[in-house]
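In: Fold the following for me, if possible:
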Amino acid sequence: MSALVCSMSGETPNEPVVSRKSGHLFEKRLVSKYVEENGTCPVSGEELSLDDLVDVKANNAVKPRPTTATGVPGLLQTFQGEWDAAVKECFELRKLLEQTRQELSHTLYQHDAACRVIAKVIKERDEARRELAEASANGIAVAAPAPQGVAGARAPGGGDAMEVESEVGITDAVKARMTERSTVLSKARKKREISATLATEEEVAAFTEKSSHPVHLANPVLCLDLHPSNPNLALTGGADNKVVLLDRASGQAKLKLDGHSKKVTKVAFHPTKDLFFSASSDKTVRVWEGSSGKCLHTLKDHAGEVTGVTVHATGDFLVTASADKTWAFYDIASGVCRKVVSDAAVTAGYSAASFHPDGLILGTGTTDNMCRVWDVKTQQNVVSFGAHVGAVTSLSFSENGYYLSTTGSDGFKVWDLRKVAKQGAQAVPVKSFTPLNDEANEAVFDFSGQYLALAGGKVVQVYHTKTWAEVLNLGSAHTASVTGVRFGADAKFLASASKDRTLKFFG
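Out: Numbering: from 1, shown residues only. Predicted coordinates for the structure are as follows:
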C-alpha cells in the first residue's frame, strides 16, 4: 500500500477509494466531502457522485518507519527537506501574487482611461445635441458641431472649413503638415533680408513713454502680447481674471472678457486668424474670436495651473504647458486635444513653453531650473540642460531659429541652439545678463532678431544682439515689477506690462 498516494493530499490514504471515471486514487474522507460540495472530480473536473467511488482493499498494518527517521540526524534532514519545500512553494506563490497585482493594476488603468474617453465623448455628444436643438428652435439650418475625431469641422473665426482627421493624436497627416511648413519657412528664412524700415539703434535709444493705460483698473497686469500684423492691437491678462483687447491708437479697450475663474497667466494672438488665446490658474485655456469676443473653445485637459501657450507655425495647432508636469497638443479648429505629453524625467511643473519658429521643436522650462527641447513629431525630449537657479520664468526663440533666450531668478541668458545640441546637459550660454532690481521676468527678441528686450524689476532694457551693446535703458519704466515686454513691428515701439496696473507704450 506504500506505493498508493492520494491525488488530493499526496499522502498514503487510510481508507483508499478509486474513481470509476478518472481512475484517480483518493482518501475517502477528503474526496467524499469535496464531491458533496462540488459534484465533480477534484482532479479532472468531471461530474462525480459518491456512487462512482469504489473502495480499495488494502493492508491496514502500520507501515514501518523509514530508515531516515530512525535517528535524530535523519529526522533533522527530513525536517530540513520539508522546510525547503515549504519555502520554495511560498516563493512561487509570492511571484504569482506580484504578477497578478501587476495585471490587475494594468487592467484598472485601462478601465479608467476608457471611462474618461467615454465621458468626454458623451459630453461632446450632449453639447452637439444642445446646440443643434437651439439652432433648430431659432429656425436656422446648421450641421451639428463635429466632436473629436469627426472630419469636416469648421474653422473658428469664420474661416474656410478644414479637414480634421478621424484619428486623434499627432498623426502622420499632422506630421506631414508640420514638416511641409517647416521646409517652406526654412527656405524663406535663408533668403530673407533685414527690413529696410527696421528701427536703427539711434531711434530705439530715443524711445520715451508715449502712453499709459490702466487696462485692468486696480489690478496688476500679468501678461502681454501684441498683434503680429496690426500694430494697434494689444492683448493683456490680469489678476482680475479678465482678458483685455486694447486699441493702441484710441487708447480704448475693444473687449473686456470674463470667463476665467482665476488669474490669467498667459495670452497670445493667432498669427493670421481672428483669434487669440488665454491661459489661467483655473487650469483652463480659452480660444476667443477677436471680432466678437466669443469664447469658441474652453480647453480643460490640465490638472494644474496653465503656464504656457504657444501657436504652431502652421497656425493649425496649439501647445499648452502646465504645472501638472504635462504639455498638451491641440487642434485649434476643433478644440480637440490630440495629445497630452508626460515624461517620467520631468519631476517639476512647467513654467514656460514656446515653439521654435520652424515648428518642429518645442522649448519648455520648469520650476526646477531645467530647460528642455522636444521633438514635436515624436514627443521625445532631445536635449535637457539646467538653465537657471530656480524656475525658468520665460523662454523665447529668435526668428532666425539659432538662439533661445531664457529668464530666471539669477538673470537673463541667451543660448546658441547649435552649441546646445552638441553640449547637451553641459550647455553654457553665449551671453548672460544680471537681474534687474533682483528680478528677471521676460526676455524677447524682435522679429528681425537684431534686438533683445529684457524686463525685470521696474526696468526695461534693450540690447543689440550682434554686439550685445546696451541700446536702451528705461530705468523707471514702471513703479512696480514689469511682467511682460514686446516689440512692435520693425522695432518701431515697445510695449510693457506691469504689476503697477498699467500697460505702457514707448516709441
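
In: Residue 122 should be in a strand, yeah?
Out: No. Residue 122 is assigned helix when assessed by DSSP: H, G, I helix; E, B strand; the rest coil, not a strand.

In: How many residues are close by it?
Out: Using other Cβ atoms under 10 Å, residue 122 has 11 neighbouring residues. To be clear about C-beta, it is placed using only N, CA and C from the backbone, and glycine gets the same treatment.

In: what's the answer for residue 27, then?
Out: Neighbours of residue 27 using other Cβ under 10 Å come to 20.

In: Same check on residue 7?
Out: Count around residue 7 with other Cβ under 10 Å applied: 20.

In: Flag the shaky bits of the stretch 351-500 of the chain, pLDDT-wise.
Out: Counting by pLDDT under 70, the stretch 351-500 of the chain shows no low-confidence range.

In: Which residue ranges of it form helices?
Out: Counting by DSSP state H, counting those that start in this stretch, one finds helices in the stretch 351-500 of the chain at the ranges 417-423.

In: any idea where the strands of it begin and end?
Out: 361-366, 370-375, 380-386, 392-397, 403-408, 411-416, 431-433, 442-445, 451-456, 459-464, 470-474, 482-487, 494-498 (DSSP state E, counting those that start in this stretch).

In: Can you list the helices and strands that the first one packs against?
Out: Which is strand 361-366. On a contact count with 3 or more Cβ pairs under 8 Å, 6 or more residues apart in numbering; DSSP states H and E, strand 361-366 meets strand 350-355, strand 370-375, strand 392-397.

In: And the shortest one, by the same measure?
Out: Other elements packing on strand 431-433 under the criterion 3+ Cβ pairs under 8 Å, 6+ apart are strand 411-416.

In: Could you quantify the relative orientation of the strand it packs on and strand 459-464 as an angle?
Out: Counting by axes from the mean of the first three to the mean of the last three Cα atoms, to 10 degrees, strand 411-416 points 20 degrees away from the direction of strand 459-464.

In: measure stretch 195-212 end to end?
Out: Using Cα to Cα, to the nearest Å, one end of stretch 195-212 lies 28 Å from the other.

In: try stretch 450-460
Out: Span of stretch 450-460 from end to end, Cα to Cα: 17 Å.

In: how far is that stretch from where the chain is centred?
Out: 30 Å (Cα atoms, centre = their mean, to the nearest Å).

In: next one: stretch 34-41
Out: For stretch 34-41, the distance to the chain centre is 56 Å (Cα atoms, centre = their mean).

In: Please list the outside residues in contact with that stretch.
Out: The contact list for stretch 34-41 (Cβ atoms under 8 Å, 6 or more residues apart in numbering) reads 8, 19, 21-22, 24, 42, 46-50, 53.

In: repeat for stretch 337-352
Out: Taking Cβ under 8 Å, 6+ apart as the rule, stretch 337-352 contacts 168-171, 174, 299, 301, 304-305, 307-308, 317, 321-331, 364-368, 370, 372, 374, 379, 381, 384, 391-395, 406.

In: just to revisit the earlier point, and of the helices and strands packed on strand 361-366, who's closest to residue 229?
Out: strand 350-355 (18.1 Å; Cβ to Cβ).

In: Show the buried residues in the contacts of stretch 337-352.
Out: Buried members of those, scored by 16 or more other Cβ atoms under 10 Å, are 168, 170, 174, 299, 301, 305, 307-308, 317, 321-331, 364-367, 370, 372, 374, 379, 381, 384, 391-395, 406.

In: can you pull the contacts of residue 211?
Out: Counting by Cβ under 8 Å, 6+ apart, residue 211 has contacts 248, 251, 504-505.

In: Specify which member of these is nearest to residue 91.
Out: Of all these, residue 504 has the smallest distance to residue 91: 72.6 Å, by Cβ to Cβ.

In: Now do the contacts for the closest one.
Out: Residue 504 touches 209, 211-213, 477-478, 495-498, counting by Cβ under 8 Å, 6+ apart.

In: And residue 439, by the same measure?
Out: By Cβ under 8 Å, 6+ apart, the neighbours of residue 439 are 409, 456-457, 481.

In: switch the cut-off to 7 Å
Out: 456-457, 481 (Cβ atoms under 7 Å, 6 or more residues apart in numbering).

In: In the sheet, which residues pair with residue 53? Tell me.
Out: residue 19 (DSSP bridges).

In: For residue 47, see how far away it is.
Out: 13 Å (Cβ to Cβ, to the nearest Å).

In: Poorly predicted segments of this protein, please.
Out: 1-3, 59-69, 136-167.

In: Quick one: end-to-end distance for stretch 7-22.
Out: 11 Å.

In: Touching it from outside, list them.
Out: By Cβ under 7 Å, 6+ apart, the list of residues contacting stretch 7-22 reads 1-2, 4-6, 24-31, 41-44, 46, 48, 52-56, 58.

In: Inside strands: which ones of these?
Out: 25-27, 53-55 (DSSP state E).

In: could the residues you listed go into TSV alongside distance to residue 237?
Out: Converted to TSV, the ones in strands among the contacts of stretch 7-22 look like this (distance: Cβ to Cβ, whole Å):
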residue	distance to residue 237
25	82
26	79
27	80
53	83
54	88
55	90
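
In: out of those, which is most surrounded?
Out: Neighbour-wise, these (other Cβ under 10 Å) top out at residue 26, 26 neighbours.

In: Any chance you could list what contacts stretch 403-423?
Out: 363, 365, 369, 371, 383, 385, 387-397, 402, 427, 429-435, 440-445, 452, 454.

In: Over to that stretch now: how far is its first residue from its last?
Out: Terminal-residue distance, stretch 403-423 (Cα to Cα): 15 Å.

In: Could you number the chain from 21 rather than 1 from now on?
Out: Fine by me, first position is 21 from now on; the one you just mentioned is stretch 423-443.

In: Show me what counts as buried in that stretch.
Out: Quick answer for stretch 423-443 (16+ other Cβ under 10 Å): 423-429, 431-437, 440.

In: Bridged to the residue nearest to residue 284 when sequence neighbours are not counted, which residues?
Out: Excluding its sequence neighbours, the residue lying closest to residue 284 (Cβ to Cβ, 6 or more residues apart in numbering) is residue 257, at 2.8 Å. When bridges are called by DSSP bridges, residue 257 pairs up with residue 243, residue 263.

In: can I assume residue 257 is in contact with residue 298?
Out: Yes. If you go by Cβ atoms under 7 Å, residue 257 and residue 298 touch, sitting 5.7 Å apart.

In: Which neighbours do these two have in common?
Out: Common neighbours of residue 257 and residue 298, using Cβ under 7 Å, 6+ apart, are 263, 284, 287.

In: ok, the second one - how many residues close by?
Out: Read it as residue 284. Neighbours of residue 284 (other Cβ under 10 Å): 28.

In: Who does it form a beta bridge with?
Out: Beta-bridge partners, per DSSP bridges, of residue 284: residue 300.

In: if we can go back for a sec, just send the helices and strands packed on strand 381-386 back as JSON lines, with distance to residue 131 too.
Out: Shown next, in JSON lines, are those (distance: least, Cβ to Cβ, whole Å):
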{"stretch": "strand 370-375", "distance to residue 131": "29"}
{"stretch": "strand 390-395", "distance to residue 131": "30"}
{"stretch": "strand 412-417", "distance to residue 131": "37"}
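
In: Brilliant, that's me finished.
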